[in-house]
Each structure stands twice: as C-alpha cells, then as structure tokens.
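Enquirer: coords below, sequence missing:
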C-alpha cells in the first residue's frame with residue numbers, strides 16, 4: 001500500500017511531538033538560567049577587575065605627584081642653578097635648564113622671579129605659569145598644546161614648584177612639569193594591565209587605545225562605569241577625577257576575552273543540552289512509533305479508501321486485538337464500497353454524456369455554496385476547467401463586477417432568471433444570464449442548487465450601446481437647438497433695440513450652433529453610410545492648402561469665441577494630394593473641433609503639414625489634458641470618448657474620430673495620436689501625394 005506523507009494529526013505524530021516538546025522545554029528551562037548566571041558571574045568579575053585597575057591607577061597618579069614634588073625640590077637645591085640665577089647669565093641658565101630637563105626626563109623646567117619667567121626649557125611653552133600660584137603636585141590643562149611638535153590640542157600637565165632659596169618667601173622659584181600624553185597612557189597600561197585614557201571636560205586628550213574616540217559616559221556615583229564599543233571591540237571602563245578642573249582618568253578592560261569566555265561557555269552548555277535532548281527525542285520517537293505504528297497503518301488505509309483506492313486488500317499485522325478487529329471491519333467495508341462504486345460509475349457515465357450535449361453552462365452547488373458539478377458548456381463560457389473548480393466556493397469562480405455582495409447572494413430563486421456581470425478567468429468581463437433550480441435527492445437529504453447560464457454579453461452590449469447613443473444624440477441636439485432657439489427668440493423680441501455689436505454676437509452664436517449641428521449631422525450620416533456599406537470617397541488631385549484653409553474658415557468663429565490662436569505651418573511648396581476635398585475638409589474640421597473642445601481658452605492650436613516620402617502628414621496639436629496611454633488603442637472606435645479634464649468639453653456621441661479614421665483609411669492613409677511635449681495631444685493623419693509626371 002502506498003504510504004502517506006506524515007500527518008501531524010496522527011496519534012504517533014502527536015505522541016512524538018509532545019515528547020520532543022517536553023524534552024526541549026525542560027532543556028530550555030535548564031539552559032537559560034545557566035547561561036544567565038554565567039553571564040552575570042563573568043560580568044561581576046570583569047567589573048571587579050576594572051575597579052582594581054582604577055584603584056591602581058589612582059595610586060600611580062599619587063606616586064607620580066610625590067615624585068614630581070621631589071624633582072622640583074632637588075632641582076631648586078642645585079648650587080649651579082642658584083649661582084646662574086644670581087649672576088643673571090641668561091644663556092648659560094637656559095643651557096643648564098635644558099640639560100636638567102633632558103637628564104630628568106621632565107617636559108618642563110621653568111625659573112620664575114617676581115612672577116616673571118626668567119628661563120624655561122622643555123616641550124611645553126608656558127611662560128604665564130609664573131604668575132599662577134599653583135600648589136605642588138597640581139594639574140593644569142594647557143590650551144594651545146605643544147607648539148614645538150606642531151600640535152594645537154588641549155594638553156594636560158602635572159606641575160610642581162619649589163623656592164630657589166631656603167627662604168619660603170623667596171621671589172625666585174623653580175617649576176617642573178610633566179605632560180600627560182599618550183606615552184604616559186601607555187606607561188599606565190603597562191603598569192596596570194589596562195588601557196588608559198585622560199579626558200578633559202569629558203573628551204579624550206591622550207589614550208593608549210588603538211584609536212581615539214569622542215565618547216562621553218554619564219556619571220554613575222563617584223566612579224563612572226560604562227561599556228563602550230570601539231571599532232567593534234568591547235571595553236569595560238571606569239573613570240575618576242584627578243582634580244576639580246574637569247581632568248579625569250579612565251581605565252578600560254578589554255572585554256574581548258570576557259565575551260569569548262561567555263561564548264565558549266554558552267556553546268558548551270548549548271551543545272551538551274542539544275546532545276542530551278536529541279538522544280532523548282530519538283528514544284521517545286522510537287517508543288511512539290512502536291505504539292502508534294499499527295494505528296497509522298489503519299489510518300492510511302482508511303484515507304486510501306476515501307480517495308477511491310479500493311483495489312488493494314487491507315492487511316495490518318498487530319498483536320493488539322482491537323487493532324485486528326478494526327482492520328477486518330475496514331476490509332469488509334472496502335469490498336462493499338467497491339461494488340457500489342462500480343454501479344455508480346455506470347450511471348454517472350450516462351449522465352455525463354447527456355450533460356455534455358447541452359451547449360449552456362450547468363453548475364450544481366451544495367448547501368455550502370461549493371461547486372459539485374461543472375459542465376463542458378460552463379468550461380467553454382468561463383474558461384475554468386472542471387478539475388480546477390470542483391469543490392471550490394462559487395464566489396471564487398463567479399466574481400460579480402457591479403453588485404454589492406458575493407455571487408452566492410445573487411443566485412436567482414428556483415424558476416427565475418437574473419443577469420449578472422462577472423469577471424471571467426482570463427480577466428474578461430461578461431454578462432451571464434442565470435436560471436436557478438433546486439435538486440432534491442430521491443432518498444431525501446441536503447438539497448442542491450442547479451444553475452443553467454449562458455453568455456449574453458453581446459446582447460447587453462448592444463442594448464447598452466444603443467441607449468448610450470440615443471442619450472448622447474439627444475443631448476447633442478438639445479444643447480445647440482436650445483441655444484439657437486434662445487438667440488432667435490431674442491432677435492425676434494429685441495432686434496430693434498440691439499446694438500450692432502450685440503447683433504453680431506447673437507449672429508455669431510447662431511452661426512456656431514448651426515456649424516455644430518452641421519458637423520454632428522455630417523458625422524451621423526457618414527457613420528450611417530459606413531455602417532451600411534455605402535461609404536465612398538472620390539479622390540482627385542487637390543491642393544492641401546485649400547483643404548486646410550476651408551476647414552479653418554469653418555472653424556474660425558468657434559476658435560475666436562474661445563480666444564484660441566491657430567498656428568499653421570505648411571511646406572514652402574504647397575503639396576497636392578490625391579483626396580476627396582469634401583471628405584478631407586471634414587477630417588480637418590473634426591480634429592480642429594476636438595482640439596478646441598478639449599483645449600483651454602486663450603490657448604494655441606497648431607496645424608502642421610510635412611512631406612514624408614510619398615505621403616503628406618497633417619498634424620493638429622492642442623494644449624489640452626492629453627489622452628491617457630491606455631485609451632489610445634480604442635480611441636478611433638465608435639462611441640469612445642477620450643478622457644478630458646476640460647470643464648467646457650461636451651460629452652459628444654463618440655463618432656468624430658471614427659469618421660476620421662474611416663475617411664483616411666478609404667484614402668489609403670493612416671491616423672494616430674501622440675503625446676505633445678509640455679502637455680496636450682497631437683492627432684495626425686496621412687494622405688497620398690499626387691505622383692509627378
């Protein structure tokens with residue numbers, strides 16, 4: 001028997017999943033606290049080490065202060081120095097100070113007298129230090145840096161002074177100093193085993209870190225502790241002040257080893273947990289399969305029977321008596337079902353043959369609205385295949401276009417019919433006429449709904465088109481006739497009292513109304529002759545300039561009324577075309593009428609004629625809203641209107657452009673529409689040139 005894919009609803013699968021879930025839950029419950037405790041312990045050890053490093057750094061700075069005080073005392077007590085200061089020998093004093101500075105490793109040796117610098121040597125130029133009253137072993141922050149080294153950053157100093165004589169009020173004193181730069185930070189790192197940084201106002205000025213950074217941690221108590229990540233490298237840091245001027249020292253412990261230890265411990269715990277969990281899961285799976293295997297086999301056999309696979313006998317080996325009894329019962333049911341299905345297939349084959357002969361579509365639905373039968377006629381009309389829709393909701397196959405609600409709510413009652421616009425499988429829209437019926441099985445039970453439908457899209461389209469056409473024709477005639485009636489009534493009643501300007505305006509309005517009606521009637525007659533097959537053209541050599549001039553003369557009052565300017569561009573040699581002059585004038589008039597209708601007032605309309613080989617291309621460009629790209633394909637069909645954003649554009653009956661296309665095609669030419677740069681549309685057509693002999 002063909003084995004089924006694993007089903008999570010089976011007893012074996014649920015036993016296996018429950019056991020595995022329990023094992024993993026226990027593993028996670030044990031793993032997470034262990035990982036958390038390990039992380040906390042390593043973090044505490046890291047911070048304890050950082051605090052020890054901070055205390056060591058404090059002690060080193062205190063020792064450095066005492067050492068600098070001793071150096072200041074020793075320097076002030078040198079007899080040679082006292083002698084040179086007493087004699088006032090500046091050059092010898094400067095040379096001696098440089099020797100002292102180089103020999104003692106100091107960065108500053110300064111001799112002051114009465115608040116003025118006598119001589120100084122070292123990396124730092126700080127003559128104004130003599131005016132200060134700094135305490136021995138104090139810190140200074142120098143603005144301007146180390147000019148000898150071309151640096152202008154802020155530089156911290158540790159300074160100490162001592163009187164040059166044994167008298168405490170001596171006007172002469174010696175000041176020594178040491179620059180707290182990167183070299184000092186490196187020495188502190190060597191002595192404490194941690195990275196060292198000096199900060200002024202929260203900004204680092206010297207550091208032993210591989211890269212400088214601008215980072216300011218918020219204070220936390222007396223010692224400011226924080227974590228930072230520098231170029232992807234973690235550090236644990238603590239900071240403490242050196243004095244009250246904003247100078248601080250910071251020690252940083254490389255957290256890479258801590259993080260690496262955490263990762264190793266986590267992976268070790270995770271690996272051991274996964275191994276134990278996997279072994280326990282495999283053991284549980286083995287036991288569950290031994291218990292649920294025979295039941296899974298019976299379930300697979302029952303599923304195969306439900307799919308109609310009745311040819312293979314059922315054989316289940318099990319030491320459980322209940323399982324054996326169920327297997328025997330299923331085998332008996334299989335044999336009975338096999339005989340019944342053979343009889344049903346014969347009856348169904350005859351019914352299907354009868355239904356296939358029906359042209360209309362037939363669909364049956366169960367009480368839940370799911371499709372139970374789909375005839376060949378239904379496949380042909382909708383485009384859906386029977387195997388695709390059987391068992392699917394009818395709302396997914398029949399998608400109404402205009403009605404509110406799903407298709408299942410629009411099904412007509414038994415004995416009635418209803419027309420429903422729907423979307424077919426390929427995206428086409430169609431109108432289907434449905435007739436409903438209710439089927440009752442002979443033995444009773446749930447009733448089914450049967451639907452017979454056919455495609456009435458063409459009939460509906462004709463009805464809709466006819467109604468739209470009649471409505472638009474009535475509208476197109478009513479508007480100009482009303483205007484003509486009003487103008488004539490005004491002339492009859494007030495003609496003696498009207499001024500020449502008012503008379504001219506009324507007559508112009510009458511002329512425009514007559515012109516509009518004439519154009520409409522011409523298009524209707526031409527469309528009717530095209531429809532009946534009586535449309536003909538009589539081409540002959542014609543001057544293109546005269547054709548365009550006649551069309552402009554007819555349309556000029558309409559253009560003047562809207563303040564629209566006409567620009568005409570013709571070749572130097574006016575071309576002679578082979579065309580029916582009356583029909584060609586009608587083409588130009590229709591295009592100019594559309595350009596005026598959809599273009600704004602006070603705009604410019606261009607008429608351009610160009611010679612292209614054996615053809616003349618005439619283009620009419622307007623400044624209207626343009627024609628959307630998706631409408632250009634069907635624009636020259638009957639009853640199609642271009643999209644318009646113009647407030648003064650009338651609805652129209654949609655015949656003008658179809659007449660244009662028919663006339664141009666009868667001359668052997670082509671028509672088209674293009675987008676105009678800067679906004680608007682360009683409608684063009686071609687006419688053949690007269691062959692020169």
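Expert: Everything's here; your move. Keep in mind that this is a model prediction, so the values were computed, not measured. Numbering: from 1, shown residues only.
Enquirer: and residue 251, backbone torsions?
Expert: Comment: the main-chain dihedrals of residue 251 come out as phi -110, psi 140, following degrees, to the nearest 10.
Enquirer: one more: residue 614?
Expert: The main-chain torsion angles of residue 614 are listed as degrees, to the nearest 10 and equal phi -90, psi 10.
Enquirer: tally up the residues packed near it, please.
Expert: The local packing count at residue 614 equals 10, with neighbours defined by other Cβ atoms under 10 Å. Every C-beta, even on glycine, is put in place using the N, C-alpha and C of the backbone.
Enquirer: wait, is residue 384 part of a helix?
Expert: No. Counting by DSSP: H, G, I helix; E, B strand; the rest coil, residue 384 is located in no helix; its state is coil.
Enquirer: pretty sure it sits against residue 396.
Expert: No. Contact status for residue 384 versus residue 396: not in contact, 9.7 Å apart, counting by Cβ atoms under 8 Å.
Enquirer: would you map the strands across the stretch 1-150 of the chain?
Expert: Along the stretch 1-150 of the chain, counting by DSSP state E, counting those that start in this stretch, strands occupy 108-113, 116-122, 138-142.
Enquirer: what about the last one, distance to the chain center?
Expert: For strand 138-142, the separation from the chain centroid amounts to 57 Å (computed by Cα atoms, centre = their mean, to the nearest Å).
Enquirer: which helices and strands does that strand pack with?
Expert: Helices and strands touching strand 138-142, as assessed by 3 or more Cβ pairs under 8 Å, 6 or more residues apart in numbering; DSSP states H and E, comprise strand 155-163.
Enquirer: following the strand it packs on, which helix or strand comes up?
Expert: Moving toward the C-terminus from strand 155-163, the next helix or strand (DSSP states H and E) is strand 172-179.
Enquirer: ok so, going back, more neighbours, residue 384 and residue 396?
Expert: It is residue 384, of residue 384 and residue 396, that has more neighbours when counted by other Cβ under 10 Å, with 20 against 14.
Enquirer: tell me the contacts of the more buried one?
Expert: Residues in contact with residue 384, defined by Cβ atoms under 8 Å, 6 or more residues apart in numbering, are 374, 378, 397, 425.
Enquirer: ok, now with 6 Å
Expert: Residues touching residue 384, when contacts are defined by Cβ atoms under 6 Å, 6 or more residues apart in numbering, comprise 397, 425.
Enquirer: try residue 417
Expert: 433, 435.
Enquirer: any weak-confidence spans in the stretch 401-550 of the chain?
Expert: When the per-residue scores of the stretch 401-550 of the chain are filtered using pLDDT under 70, the ranges that remain are 403-404, 439-447, 461-495, 497-498, 501-506, 508-535.
Enquirer: mind redoing it with 90?
Expert: 401-540, 550 (pLDDT under 90).
Enquirer: what's the answer for the stretch 251-400 of the chain, then?
Expert: Low-confidence segments of the stretch 251-400 of the chain, defined by pLDDT under 90, span residues 251-370, 372-392, 394-400.
Enquirer: which parts of it are strands?
Expert: Secondary structure of the stretch 251-400 of the chain (DSSP E, counting those that start in this stretch): strands located at 361-365, 371-374, 399-400.
Enquirer: give me the buried stretch members for the top strand by length along the chain, please.
Expert: Ranked by residue count under DSSP state E, the longest strand found in the chain is strand 429-439. Taking 16 or more other Cβ atoms under 10 Å as the neighbour-count basis, strand 429-439 is seen to contain the buried residues 430, 431, 432, 433, 434, 435, 436, 437.
Enquirer: identify the farthest-apart pair in these.
Expert: Across these, the longest distance by Cβ to Cβ is 21.8 Å; it joins 430 and 437.
Enquirer: follow-up on the earlier one: quick one, the longest strand of the chain and strand 361-365 angle?
Expert: Counting by axes from the mean of the first three to the mean of the last three Cα atoms, to 10 degrees, strand 429-439 points 50 degrees away from the direction of strand 361-365.
Enquirer: check which element follows strand 429-439 along the chain.
Expert: Beyond strand 429-439 in the direction of the C-terminus, DSSP H and E gives the next helix or strand as strand 448-455.
Enquirer: who's in contact with the residue of the chain most remote from its centre?
Expert: When each C-alpha in the chain is compared with the mean C-alpha position (Cα atoms, centre = their mean), residue 87 comes out farthest, at 84.9 Å. For residue 87, no residue counts as a contact, taking Cβ under 6 Å, 6+ apart as the criterion.
Enquirer: how near is it to residue 78?
Expert: Counting by Cβ to Cβ, to the nearest Å, the gap from residue 87 to residue 78 is 14 Å.
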